[in-house]
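> Sequence and computational prediction follow.
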Amino acid sequence: MAAILVIDDNAALRDGMAVSLSRSGHEVVAASGGAEGLAAAEKRRFDLVVTDLKMEGIDGLEVTRRLRAKDPLAALLVVTAFGTIETAVAAMKEGALDFLTKPFSPEVLRAKVDKALEVARLRRESERLRERASGLADALAGPFDPKGLIGSSPPMRELLAALPRVAASETAALVTGESGTGKELVARAIHDLSPRRDGPFVTVNCAALPEGLLESELFGHERGAFTGAVKRKLGRFELADEGTLFLDEIGELPLSLQAKLLRLLQEHEFQRVGGEETLRADVRVVAATNRELAKEAEAGRFRQDLYYRIAIVPLRLPPLRERPGDVRELAEHFVRKHAPRVNRKVRGISEEAHAALARHGWPGNVRELENAIERALVFAEGDRIEPDQLPELSAARGAGLPVLSGERALPELLEEIERQLIAQAYERAKGKKTETARLLGIKTSALYYKLEKYGFIAKGAGGGGEAAD
């Protein structure tokens, strides 16, 4: 039931109201005057305050003013004598919901309290919905674009095939991958393919905010919780109720907040900063990180219990260097995406420019490729992007020898080394296939197959001899 504060300096009336309301199942705190009542209201939030108007010291009208100044939605019921109805009307102008005229029976008290509690509940629900709508205007992401996840390479096909199964479940998912690989796109896909697709998709970048603000951003805060908290704010967990919350860069979450996050994931309960009320949120969490959280947990920099809770379904998004065959498809996608806004004349990318893109190591992954295409669109003069309009790209930059990490099998590592060597030879031969084949010591026919495989030339664009150069 409700938590009710009764304030009255008349002990008999105060105790009578407390007993009557307690018998109805409410939790009642009694205060012998205005000052004591205000002190009790500072320590916790009450669903309803019943206060006498005429009291020594701080009277009921002042109690009403102060409580409403502290919380504009504070629910108050005032008690007045028959001859001071005008004072009760003044209290209602200050925000009191209703008034009781002495003397009154326990039945009248309970009826008035029940009505006031229902009005207060509707007020708070209306305000919560208003705040949620306002907060979602900033927090909600746009609808998922299935074209955002581009790639037909084996690693991408495996990931895309897993997404519908992952989305159908309600378990937490952890998306791992280097910066710039598109982890948020995977999280959006999980949401849009899930039964929660009609609910909100809310994002939080755990690395973008200091610890104090991050706690408020996640869990919300009450008015006066800290300097600058001039009104109550709903946290991202409340905003994501019945939807999905994407926690980007969760590896940056301070240890002090990890325990609170774990409790929410296990119990679906939390408290706002500066609040005592326990709230519930029905939220599915999808987290992402570019760190190796298992190693972070072993080193004590990340809670092991939280790691096991969020990594029930692990999804690895491969870096672009592990799927070089996707570079061509991605580049053409970014032309279609940005050309209408940046340079409407451009319809595509020349084969020479595609070859230059394929030779690059892409240390910044998909994000770097998108930025490169957008920049090229700015400087493109014809209907195709040419090599000289691309930023300086070097096959060696960001490439290097692949690292043996246990995550990639030997055949994948050997393919990466082969791609880098072909890129170096192709660049040294200035794009001439016959010379490239000579430098590599392989047949021209074998070279064409590998150039197509690694995206240096379009599939089906092969030929023979110098005429093809």
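Here it is on my side, so go on.

> Every contact and neighbour count from this point should use C-alpha atoms.
Fine.

> what is the rounded mean pLDDT of stretch 384-395?
Averaging pLDDT along stretch 384-395 gives 78.

> repeat for stretch 450-468
Per-residue pLDDT values over stretch 450-468 give a mean of 63.

> show me what contacts residue 99?
Contacts here follow C-alpha atoms under 8 Å, 6 or more residues apart in numbering; on that basis residue 99 touches 77-80, 88, 92.

> Now render those as CSV, adding secondary structure and pLDDT.
Putting those into CSV (DSSP: H, G, I helix; E, B strand; the rest coil; pLDDT from 0 to 100) gives the following:
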residue, secondary structure, pLDDT
77, strand, 89
78, strand, 88
79, strand, 88
80, strand, 84
88, helix, 70
92, helix, 81
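
> List buried residues within those residues.
Buried by 16 or more other C-alpha atoms under 10 Å: 77-80, 88, 92, out of the contacts of residue 99.

> Confirm residue 204 sits in a strand?
Yes: counting by DSSP: H, G, I helix; E, B strand; the rest coil, residue 204 is located in a strand.

> Distance check, the residue nearest to it when sequence neighbours are not counted against residue 272.
Of all residues beyond its chain neighbours, the one nearest residue 204 is residue 247 (5.2 Å), with distances taken as C-alpha to C-alpha, 6 or more residues apart in numbering. When C-alpha to C-alpha, to the nearest Å is applied, the distance between residue 247 and residue 272 equals 18 Å.

> same check, this time on residue 391
As judged by C-alpha to C-alpha, residue 391 and residue 272 stand 48 Å apart.

> Could you do residue 453 as well?
Look at residue 453 and residue 272: by C-alpha to C-alpha, they are 54 Å apart.

> quick one: which of the two has more around it?
For residue 453 against residue 272, the residue with the higher neighbour count under other C-alpha atoms under 10 Å is residue 272, and the figures read 23 against 17.

> Am I right that residue 99 sits in a helix?
No: if the criterion is three-state DSSP, then residue 99 is strand and not within a helix.

> Quickly note the distance from it to residue 79.
Per C-alpha to C-alpha, residue 99 is found 6 Å from residue 79.

> so what sits against both of these two?
Where contact means C-alpha under 8 Å, 6+ apart, the residues bridging residue 99 and residue 79 through contact with each are residue 88.

> Quick check: the most centrally placed residue in the chain vs residue 188, distance?
Relative to the mean C-alpha position of the chain, the nearest C-alpha, by C-alpha atoms, centre = their mean, is the one of residue 203, at 1.6 Å. Here residue 203 is placed at a distance of 10 Å from residue 188 (C-alpha to C-alpha).

> do the same with residue 77
Residue 77 sits 47 Å away from residue 188, going by C-alpha to C-alpha.

> With residue 386 instead?
When distance is defined by C-alpha to C-alpha, residue 386 is 33 Å away from residue 188.

> When those two are compared, which one has more neighbours?
Neighbours per residue, other C-alpha under 10 Å: of residue 386 and residue 188, the larger number sits with residue 188, 26 against 21.

> Settle this for me: the more buried one is touching residue 201, isn't it.
Yes: in this structure, residue 188 is within contact of residue 201 by C-alpha atoms under 8 Å, at 7.4 Å.

> In this structure, where is pLDDT below threshold?
Judged by pLDDT under 70, the chain has its weakly predicted residues at 82-85, 127-148, 393-409, 458-469.

> any idea which element residue 245 lies in?
Using DSSP states H and E, residue 245 sits in strand 243-248.

> elements contacting that strand?
With contacts defined as 3 or more C-alpha pairs under 8 Å, 6 or more residues apart in numbering; DSSP states H and E, the secondary structure elements packing on strand 243-248 are helix 183-192, strand 201-205, strand 283-289.

> which residues of the stretch 1-150 of the chain fall in helices?
Ranges of helices in the stretch 1-150 of the chain, per DSSP state H, counting those that start in this stretch, are 11-23, 34-43, 60-70, 85-93, 106-139.

> I misspoke; the intended subject was the stretch 251-400 of the chain.
Listed in chain order (using DSSP H, counting those that start in this stretch), the helices of the stretch 251-400 of the chain are 255-267, 293-298, 304-310, 327-342, 351-359, 365-379.

> buried sites along the last one?
Just to be clear, that refers to helix 365-379. Of the residues in helix 365-379, 365-366, 368-370, 372-378 count as buried by neighbour count, 16+ other C-alpha under 10 Å.

> now the shortest one
With burial defined by 16+ other C-alpha under 10 Å, the residues of helix 293-298 counted as buried are 293-294, 297.

> Kindly report the same for stretch 226-240.
Of the residues in stretch 226-240, those buried under the neighbour-count criterion (16+ other C-alpha under 10 Å) are 232-240.

> Take those residues and write them to TSV, including distance to residue 4 and secondary structure.
Shown next, in TSV, are these (distance: C-alpha to C-alpha, whole Å; DSSP: H, G, I helix; E, B strand; the rest coil):
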residue	distance to residue 4	secondary structure
232	21	coil
233	24	strand
234	24	strand
235	26	coil
236	29	helix
237	28	helix
238	25	helix
239	28	helix
240	30	coil
